[in-house]
Structure formats: C-alpha cells, structure tokens
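Trainee: got a predicted model here, sequence first, then my questions.
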Amino acid sequence: MSRPPLGSTLDILGLSMPWYSLLMMIAVGVGIFLSMREERRLSLPRDTILNFALLAIPLGVIGARLYYVAFTWSRFQSNPLEIFRVWNGGLAIYGAVLGGLLAALIISFTSKVSLLTLVDAAAPSLVLGQAIGRWGNYANMEAYGSRLYSEAFQFFPLAVEIRLLGANGTEYWYWHMATFFYESIWCLLIFILLMAYRKKMKRSGDVFFWYLLLYCVGRTVIEGLRDDSLLLNVAAAQVRISQILSAAACLGVLIFFFLRLKKRRKLHLAEALCWSGIVAGIVCTFMGEFERNAYQMLFLPAQLCLGVLLLVDVVFFIHYIKRAKRLYAPAIWMLTAASLCILTLLLGIGRMGGDNVMFITLRQWVAMLHLILAGAWFYLRTGNEKRCGTRHANDETIHMQEA
C-alpha cells in the first residue's frame with residue numbers, strides 16, 4: 001500500500017480510466033444522494049439539489065482548475081492545452097468551494113430558496129466527497145508531504161513512496177508523509193460530527209459554518225507538511241497560500257459566531273480569553289511554519305506562544321469554575337486543552353535546533369484546537385435557551401451567561 005497497488009488508472013476491456021476521475025465521480029454521486037436526503041429533511045423544494053448539482057459540478061471543476069492554474073501558471077504557459085487535462089490532477093479544493101458557492105448563489109436567487117439552508121444541505125456531502133477524493137491524490141502520487149529519512153516512520157499510512165525519475169530515466173522511490181491520508185481521515189471525522197449533530201443545530205448556516213471552521217483548522221496544519229503546495233514568498237520564507245486562506249476562513253467564522261452574541265455593554269472575561277486564545281493560536285501556528293522553513297530561532301518564541309495558550313486555558317478554567325460552581329463541559333474543554341499544552345511544552349524540552357517537523361506539527365494542532373474551542377464557546381453562548389430542553393441544560397446555560 002505504500003505505492004498505489006492498482007496504478008493510476010483502471011484498465012477494463014481495453015478502456016483506461018484514471019482512478020482520480022473515477023473517485024471524483026463516486027464522490028459526486030454519493031454527495032448528490034446524501035444531499036437529496038438532506039433536501040427532504042430541511043424541507044427544500046423538490047429537485048433543488050439536482051438543479052444545484054447540475055450547476056455546481058461544472059462550476060466547481062472550473063473553479064478548482066482555475067485556482068490551481070492561477071498559482072502555477074509557469075507550468076502551463078508553454079503548453080496551455082494542458083490546462084484542460086484535469087484527469088492528470090491539479091484541482092484545488094478552495095477553487096471548487098468558491099465555484100460551488102457561486103452555484104448556490106445562483107440557485108438561491110433563481111429558485112427563491114434560502115442560501116444558508118442550501119449550503120447546510122450540501123456541507124456534509126462536500127466534506128465526505130473531499131475524504132473520498134483525496135484517495136485520487138494517492139493514485140496520482142500527489143498531495144504528499146515532506147520526505148521521511150528515518151526508517152521508523154517509513155510505513156503506510158504514515159508515509160507513502162513517491163517516484164522520482166533520474167536524468168538517465170532511472171526510477172527512484174522516496175518515502176514522504178501521506179498528507180492526503182491525514183486530510184482524508186480529518187474530513188471523515190468532520191463528516192461524522194456534522195451528521196451526528198446537524199439536527200441539533202437550529203440556525204440556518206450552522207452546519208456549513210462548522211464544516212468551514214473544522215476543515216480549515218485541519219487544513220491549516222496539514223498543509224504545512226506538504227511538499228507540493230501553492231506557495232507565496234514572504235520575508236525570505238515560503239508560506240502556503242492554502243494555509244493563509246484556511247486561517248482567514250477560520251477567523252471569519254469565529255467573527256461571525258461572535259457577532260451573533262447578544263449585544264452587551266462590555267466584553268465579558270470569558271470572551272476576552274477566547275479572543276486571546278484565537279490570536280495566540282494563529283500566531284503560534286504560523287510562527288511554527290516560519291520556524292520549519294527558514295527561522296529555527298523562532299522555536300523559543302513559538303513555545304512562549306504555547307505558554308500563553310496554557311495561561312489562557314488555566315484562567316478560563318478558574319473563572320468558569322468560580323462562576324458555574326460545577327465542572328460543566330466548557331471547563332472540561334479548557335482543562336483538556338491546558339493538559340495538551342503542558343504535554344507539548346514538556347515534549348519540546350531540549351528540541352531547539354533539532355529536527356522538529358513532527359513536534360512543530362503537534363504544537364500547531366494544539367494551537368489550532370483553541371480556535372475550535374473558542375468557536376464552540378461563542379456558538380453555545382448564542383441562543384442556548386432554544387436548544388436546552390432539560391433543567392440541567394438550562395442551569396448550564398445560566399452559568400455560561402454569567403461567565
């Protein structure tokens with residue numbers, strides 16, 4: 001399994017079909033079926049999803065290809081016809097999402113349906129399609145990560161072998177991180193969470209916004225491990241474009257959740273702590289990215305950012321327990337986050353100047369986790385009384401409002 005066992009194409013009766021294309025078609029088919037079920041659950045007009053799919057599929061493919069081509073134009077300028085050979089790979093998910101959103105806007109306007117309800121119906125299908133589609137990258141030997149030199153890490157699914165042709169045509173196989181697999185598993189987990197909790201989300205758009213926050217948190221970290229990312233040069237270092245967009249999307253969702261809170265005269269301490277965690281988490285993540293690429297001297301400042309996150313967790317925990325008088329879920333979240341921060345700081349002792357690829361990634365995961373926790377806090381603070389049916393839940397709501 002370290003190499004695609006069936007090659008990059010499926011050959012039957014003299015016909016050859018790229019696995020990439022076949023998996024994309026499977027993902028689309030499964031997505032339409034699932035979205036049609038969500039169409040009925042959300043009481044959308046009949047055939048809304050079919051009409052949406054007929055428009056979203058071509059616009060998604062066009063958007064995904066144009067996004068990729070725009071940032072890798074040097075690869076296509078000598079042979080523009082290569083732009084149309086999408087079966088060779090080269091589709092960017094953010095371009096596909098933008099194309100899909102454009103289709104959703106058009107269908108929403110022409111069919112007079114709620115845009116947020118429409119994207120809610122499509123969000124679980126989208127993330128499941130991403131989980132399936134990443135295996136097309138496996139068949140094409142793309143979307144892989146940094147090279148792994150240690151034999152201890154040279155096994156599937158942690159790593160895959162990538163072929164390199166030498167000047168004399170000799171094949172060489174090198175072990176690289178299986179980042180396509182990491183993202184596929186992350187997308188599958190998001191799909192399970194969305195399907196499990198979508199019925200408890202009472203506001204239109206919640207399913208889509210949670211998809212966006214969760215996916216972009218994972219993509220911000222996983223993208224940093226890839227060797228074939230679309231890059232942007234910043235201060236003598238290279239930053240991955242998808243990381244910037246992912247972090248920006250996370251921030252946009254968090255701002256949206258925060259703005260939905262009831263207007264109040266002042267910012268509560270819990271919310272201020274959440275924003276401190278958000279800022280420190282993003283700074284810590286990108287500081288690690290620069291550290292990994294060019295500036296090893298950023299190790300200590302990045303560790304300091306992690307210490308700030310630990311302090312935020314501890315203060316939030318103490319504040320919440322003082323207000324709520326009991327160990328409700330938000331306090332448990334922050335206690336868990338604090339424990340992860342402590343563990344990561346301990347693992348970082350003596351690592352300055354070493355091979356820190358794995359450690360930086362762990363630190364980034366812990367840092368970005370705080371964005372999810374902040375989003376959960378803002379989300380739960382908005383209209384909790386509509387979702388809490390039990391006395392225990394209402395008591396917790398009161399305590400959260402006090403915090």
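Mentor: Okay, I see it.

Trainee: for the residue sitting furthest away from the middle of the chain, what are phi and psi?
Mentor: In the chain, the residue that sits farthest from the middle, by C-alpha atoms, centre = their mean, is residue 168; the gap is 40.1 Å. Phi and psi for residue 168, reported as degrees, to the nearest 10, are phi -90, psi 10.

Trainee: then residue 4?
Mentor: Residue torsions, per degrees, to the nearest 10, at residue 4 are phi -60, psi 110.

Trainee: now do residue 172
Mentor: Here is the backbone geometry of residue 172 (degrees, to the nearest 10): phi -130, psi 140.

Trainee: what does residue 3 give?
Mentor: Residue torsions, per degrees, to the nearest 10, at residue 3 are phi -120, psi 150.

Trainee: what's the answer for the one 5 residues further on, then?
Mentor: For residue 8, the backbone dihedrals (degrees, to the nearest 10) come out as phi -90, psi -10.

Trainee: look up the closest residue to it, ignoring the ones flanking it.
Mentor: For residue 8, ignoring the flanking residues on the chain, the nearest one in space by C-beta to C-beta, 6 or more residues apart in numbering is residue 139 at 5.0 Å. No exception for glycine: its C-beta is placed from N, CA and C like everyone else's.

Trainee: do I have it right that that neighbour meets residue 24?
Mentor: No: with contacts counted by C-beta atoms under 8 Å, residue 139 stays clear of residue 24, the gap being 10.9 Å.

Trainee: where does pLDDT dip in the stretch 101-250 of the chain?
Mentor: Low-confidence segments of the stretch 101-250 of the chain (pLDDT under 70): 233-238.

Trainee: quick one: the spatially most central residue of the chain and residue 6, what's the gap?
Mentor: By C-alpha atoms, centre = their mean, the chain has its centre lying nearest to residue 215, at 2.3 Å. Using C-beta to C-beta, to the nearest Å, one gets 28 Å for the distance from residue 215 to residue 6.

Trainee: ditto for residue 315
Mentor: 54 Å.

Trainee: more neighbours, those two?
Mentor: Taking other C-beta atoms under 10 Å, residue 315 and residue 6 do not tie; residue 315 has more neighbours (17 against 9).

Trainee: for the more buried one, give me the pLDDT.
Mentor: If you check residue 315, the pLDDT there is 96.

Trainee: repeat for the one 10 residues further on
Mentor: Note for residue 325: predicted pLDDT of 84.

Trainee: so what's the backbone phi/psi at it?
Mentor: The phi/psi pair for residue 325 (degrees, to the nearest 10) reads phi 70, psi 0.

Trainee: what about it, how many neighbours?
Mentor: Close neighbours of residue 325, defined as other C-beta under 10 Å, add up to 9.

Trainee: from residue 332, how far off is it?
Mentor: 15 Å.

Trainee: so where do the strands sit in this structure?
Mentor: For the chain, applying DSSP state E gives strands covering 9-12, 15-18, 159-165, 171-177, 231-234, 237-240.

Trainee: who does the third one pair with, and is each partner parallel or antiparallel?
Mentor: Here strand 159-165 has these sheet partners by DSSP bridges: strand 171-177 (antiparallel).

Trainee: run through who's touching the strand it pairs with.
Mentor: Strand 171-177 has contacts (C-beta atoms under 8 Å, 6 or more residues apart in numbering) with 2-3, 144-149, 153-154, 158-166, 225-227.

Trainee: send me that strand as PDB with only the CA atoms.
Mentor: Below are the C-alpha coordinates for strand 171-177, written out as PDB (Å, rounded to 0.1, in the frame of the first residue of the first chain):
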ATOM      1  CA  GLU A 171      13.300   5.300 -11.200                       C
ATOM      2  CA  TYR A 172      13.900   6.300  -7.500                       C
ATOM      3  CA  TRP A 173      11.300   5.800  -4.800                       C
ATOM      4  CA  TYR A 174      11.400   8.000  -1.700                       C
ATOM      5  CA  TRP A 175       9.300   7.900   1.400                       C
ATOM      6  CA  HIS A 176       7.100  11.000   2.000                       C
ATOM      7  CA  MET A 177       4.400  11.900   4.600                       C
END
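
Trainee: any buried residues in that strand, and which?
Mentor: Across strand 171-177, burial judged by 16 or more other C-beta atoms under 10 Å covers 175-177.

Trainee: same question, stretch 216-235
Mentor: Burial within stretch 216-235, assessed by neighbour count using 16+ other C-beta under 10 Å, is assigned to 216-226, 228-231.

Trainee: could you list the domains of this structure?
Mentor: Per automatic domain parsing, the structural domains of the chain span 9-200, 266-402.

Trainee: bridged to the closest residue in space to residue 178 that isn't next to it in sequence, which residues?
Mentor: Excluding the flanking residues, the one nearest residue 178 by C-beta to C-beta, 6+ apart is residue 160, at 4.6 Å. With DSSP bridges applied, residue 160 shows beta-bridge pairing to residue 176.

Trainee: residue 223 and residue 247, how far apart?
Mentor: From residue 223 over to residue 247 the distance is 10 Å, taken as C-beta to C-beta.

Trainee: sorry, that was for residue 354
Mentor: 26 Å.

Trainee: quick one, which of these two is more surrounded?
Mentor: Taking neighbours as other C-beta under 10 Å, residue 354 and residue 247 compare with residue 247 leading, 21 against 11.
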